[in-house]
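In: Sequence unavailable; structure follows:
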């Protein structure tokens, strides 16, 4: 191999090494950058902003989520809601922080007769502002399904 070819090959290897290191440093910077949720405290009471934002014939209003604990990836606390037909939901809720808030709640539904029954709620919370979350949800109870969208605020 001639000295000129050896010099060009060495220069190419140095360029590849520098580019690889630059990419690695950029990726490390991105992965260590704080997300919006890492900087956000959700602890405290989140409550419906009044009338249901997008009411349906089988929706819930007066959602209250008292977030009592928070980690880097999850929030949890007590949950209550009033649904059509005088149904009251009382239980606990957790939210997985993954860009949105994947919400699951469970507890007791009362008010539709003499026998309380179990409910489950699945929903997605989308952070609107630091003090406002849009929650799209579906609730399953022994008397039927409730669903809708509600804005909860601090």
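Out: The structure has been received and is ready for your questions. Keep in mind that this is a model prediction, so the values were computed, not measured.

In: Can you pull the domain assignment for the chain?
Out: The chain is divided into the following domains under automatic domain parsing: 1-33, 44-153.

In: any idea which of those is most buried?
Out: Highest mean neighbour count of the domains of the chain: domain 44-153, a mean of 17 (counted as mean count of other Cβ atoms under 10 Å). C-beta coordinates here come from the backbone N, C-alpha and C atoms, glycine included.

In: picking up where we left off before, would you reformat the domains of the chain as a markdown table and include mean pLDDT?
Out: Below are these laid out as a markdown table (pLDDT from 0 to 100):
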| stretch | mean pLDDT |
| --- | --- |
| domain 1-33 | 49 |
| domain 44-153 | 90 |
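
In: Packing partners of the helix or strand harbouring residue 120?
Out: In this structure, residue 120 sits in strand 117-129 according to DSSP states H and E. Using 3 or more Cβ pairs under 8 Å, 6 or more residues apart in numbering; DSSP states H and E as the contact criterion, the neighbours of strand 117-129 among helices and strands are strand 87-97, strand 101-110, strand 132-141.

In: Indicate which one of the ones you listed is closest to residue 46.
Out: strand 132-141 (6.5 Å; Cβ to Cβ).
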